[in-house]
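Peer 1: Could you look at this predicted model? Sequence included:
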Amino acid sequence: MLPSLLFNLWHIHDYVTQALKQRSGTGEFIAPWITKRKVVITCDPMNVLHITSKNFSNYDKGPIFREIFKVLGKGILSDAEEWKHSRGLLHSLFKQKSFGMFLDKVVKDKVQGCLLPFLDHHAEKQGSEVDLQDVFNRFTFDNACYMVLGFDPCCLSIELPQVVYEKFFSEAQVALFHRCVVPRALWKLQKWLGMGKERKMSETQKISELILHEFVRCKLKQCMVMEGSRFPATANIVSHEPLNGSTDALCNASNFSREATSATTKILTSGNSRPAIEETDFELLSAMVKEEQKNGKVDEKLIRDTVINILSAGKDTLTAGLTWFFWLVATHPSVEAMILQELKENFPEEKRMVLRAEQVEKLVYLHAAISEAMRLFPPIPFTQRHAIDSDILPSGHRIDAGTIIIFSSYAMGRLEEIWGEDCLEYKPKRWISEKGEIIHVPSYKYITFNAGPRTCLGKEMSFVEMKMVASVVLWNYCIQVVERDPIYPSLSIGFFMKHGLKVRITKRCNESRV
Ligand code: HEM
């Protein structure tokens with residue numbers, strides 16, 4: 001299958017969807033480059049239920065995932081004890097009311113302070129093109145950093161500055177996807193030779209370790225000072241150097257690292273356009289340190305890995321989700337009209353429509369429009385698992401120990417059996433019941449946020465953030481897609497648009513809200 005796979009790589013998700021359709025939802029093949037293991041690809045909801053929930057303990061991320069995604073370390077995106085520990089920790093933090101309030105404040109401040117001024121600026125320069133994907137990428141990165149680390153790198157500003165860390169974060173996505181599809185020996189060789197995407201990859205690893213190493217260290221020190229005698233003796237902190245050596249050695253390793261060092265220094269010492277973290281704020285890194293302290297041990301590396309896991313889990317997914325959503329709305333005027341109608345009915349007094357988290361809960365149609373966009377274009381289009389022991393799937397396929405199983409969320413979102421004959425159409429109404437409520441679709445059918453014990457921890461906050469952004473942007477601006485570059489996904493772990501989403505923005509007048 002390799003020649004066919006490589007030939008169809010540019011539209012891999014549609015190719016897989018078609019192939020699965022011809023095989024009643026599940027196909028298997030031997031992948032010689034993955035040590036002759038069997039790979040099973042499925043979009044059968046019963047198989048997905050089995051793997052993610054019913055026989056959960058038999059399916060982990062496995063050694064191949066760990067090798068490919070080594071850059072993510074051993075936090076919540078790993079297996080076994082590290083996963084359990086990190087999941088418990090994050091789950092308890094995310095459900096706290098103060099975290100919800102902090103999220104609301106962070107997003108609202110960023111929308112008001114950066115996103116709206118940026119869009120106003122471009123709306124005034126009529127005719128100027130904006131890449132909305134890039135805008136959302138910067139927006140979500142700034143928010144994620146502020147929420148997790150308590151600093152705002154200010155990637156989203158009118159000058160669109162190059163922020164080294166963000167740039168390499170995005171490049172790592174492409175390199176990781178490359179590792180998933182090319183023979184292992186090839187990417188290993190490229191890594192050894194320091195060539196191509198692998199060169200970028202190792203630079204990314206160096207910089208993320210460098211920056212986070214410094215950051216977590218700084219934060220631990222700060223926490224010690226703030227908490228005084230209540231904070232742990234240093235002996236309780238399990239300390240680690242970055243994987244690739246000491247900070248100094250990293251700085252000397254390449255030009256890139258020197259660049260990174262100055263970026264780090266800048267970040268650590270200044271550059272915060274938002275008010276500094278206040279006492280009542282709930283920045284995750286400090287909250288994690290405090291929570292770990294209650295358990296008697298602060299593992300610096302685990303905290304660092306958890307931080308990088310949250311940054312990568314939360315940033316690109318939201319960027320991809322927002323980008324495809326805005327493209328679909330801009331190309332479906334009837335959906336846009338319904339969203340505006342709902343805003344008008346629910347918030348007749350609001351001028352700019354910068355809503356709070358509790359306000360966006362009322363927006364059922366908008367919720368449906370976002371769910372529908374992520375059905376057709378799931379921000380994580382496929383998920384991989386590894387079978388620990390042999391098993392038989394509900395579809396009858398035999399699974400040997402060590403088999404890799406991939407479930408395609410993209411194909412599942414386009415299954416006629418689940419969504420009906422019009423499954424390829426963008427129809428938010430399919431999500432709304434006669435009573436006007438959101439119809440619950442079980443997560444093993446709508447797999448966008450995964451299912452079972454490893455369901456996404458950020459699902460609710462993602463809807464809140466996306467609704468806050470969508471309501472204010474659609475209310476205030478008309479978005480016209482520039483029809484020049486074709487719209488199709490890039491070959492990346494995150495489901496981005498290959499050429500970005502180029503649009504022209506104008507201010508919306510009252511008449512166009514009717
Ligand atoms: C539209 C936005 C999002 C989508 C579509 C999404 C989707 C997913 C998916 C499919 C997984 C499973 C990945 C796998 O097991 O291989 C996952 C896991 C996870 N997500 Fe999200 N995610 C989104 C946003 C977020 C945000 C904003 C956060 C947090 C800030 C977050 C935190 C997590 C975490 C911690 C996990 C790991 C859960 C575990 O393995 O126990 N996600 N997400």
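Peer 2: In hand now; what should we look at? Bear in mind that the values here come from a model prediction, so they are computed numbers and not experimental data. Numbering: from 1, shown residues only.

Peer 1: Stretch 371-387 - what's its average pLDDT?
Peer 2: For stretch 371-387, mean pLDDT rounds to 96.

Peer 1: Give me the distance between that stretch and the centre of its chain.
Peer 2: Between the centre of stretch 371-387 and the centre of its host chain there is 11 Å, according to CA atoms, centre = their mean, to the nearest Å.

Peer 1: do it and the ligand meet?
Peer 2: Yes: applying CB under 6 Å from any ligand atom, one finds stretch 371-387 touching the ligand at 374, 379-380, 383. Heads up, the C-betas are built off the backbone N, CA and C, glycines and all.

Peer 1: Could you dump the residues you listed into JSON lines with neighbour count and secondary structure added?
Peer 2: Shown next, in JSON lines, are the residues of stretch 371-387 next to the ligand (neighbours: other CB atoms under 10 Å; DSSP: H, G, I helix; E, B strand; the rest coil):
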{"residue": "374", "neighbour count": "24", "secondary structure": "helix"}
{"residue": "379", "neighbour count": "24", "secondary structure": "coil"}
{"residue": "380", "neighbour count": "21", "secondary structure": "coil"}
{"residue": "383", "neighbour count": "19", "secondary structure": "strand"}
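
Peer 1: which among those residues gets closest to residue 434?
Peer 2: The closest of the residues of stretch 371-387 next to the ligand to residue 434 turns out to be residue 374 (CB to CB; 23.4 Å).

Peer 1: which residues touch that closest one?
Peer 2: 321, 324-325, 413, 448 (CB atoms under 8 Å, 6 or more residues apart in numbering).

Peer 1: try it again with 6 Å
Peer 2: Shown in contact with residue 374 (CB atoms under 6 Å, 6 or more residues apart in numbering): 321, 448.

Peer 1: Contacts for the strand or helix carrying residue 110 next, please.
Peer 2: Per DSSP states H and E, residue 110 falls inside helix 97-110. Applying CB under 6 Å, 6+ apart, the contact partners of helix 97-110 are 93, 143, 146-147, 281-282, 356-357, 461, 465, 468.

Peer 1: Which pLDDT value goes with whichever residue of the chain sits closest to the ligand?
Peer 2: Closest contact between the chain and the ligand, by CB to the nearest ligand atom, is at residue 458 (2.1 Å). In this model, residue 458 is scored at 95, pLDDT.

Peer 1: ditto for residue 37
Peer 2: pLDDT, read off for residue 37, is 69.

Peer 1: Equivalent analysis for the one 10 residues further on, please.
Peer 2: Per-residue pLDDT puts residue 47 at 98.

Peer 1: does it sit in a helix or strand, and which one?
Peer 2: If you go by DSSP H and E, residue 47 is part of helix 45-49.

Peer 1: Please enumerate residues in contact with that helix?
Peer 2: The contact list for helix 45-49 (CB under 6 Å, 6+ apart) reads 393-395, 407, 444-445, 447.

Peer 1: So which of the residues you listed are in strands?
Peer 2: residue 407 (DSSP state E).

Peer 1: By pLDDT, rank the contacts of helix 45-49 and give me the bottom one.
Peer 2: For the contacts of helix 45-49, the pLDDT minimum is residue 407, 93.

Peer 1: I'd like the distance from the residue of the chain closest to the ligand to residue 315, if you could.
Peer 2: Counting by CB to CB, to the nearest Å, the gap from residue 458 to residue 315 is 10 Å.

Peer 1: So which of these two has more stuff around it?
Peer 2: Shown here are residue 458 and residue 315; by other CB atoms under 10 Å, residue 315 has more neighbours (24 against 18).

Peer 1: and the host helix or strand of residue 339, what's its mean pLDDT?
Peer 2: Element membership of residue 339 [criterion: DSSP H and E] is helix 333-346. Average pLDDT, helix 333-346: 97.

Peer 1: same check, this time on stretch 125-138
Peer 2: For stretch 125-138, the mean per-residue pLDDT is 90.

Peer 1: residues of it that come out buried?
Peer 2: 130-138 (16 or more other CB atoms under 10 Å).

Peer 1: got it, and stretch 113-125?
Peer 2: For stretch 113-125, a neighbour-count test (16+ other CB under 10 Å) marks 113-116, 118-119, 122-123 as buried.
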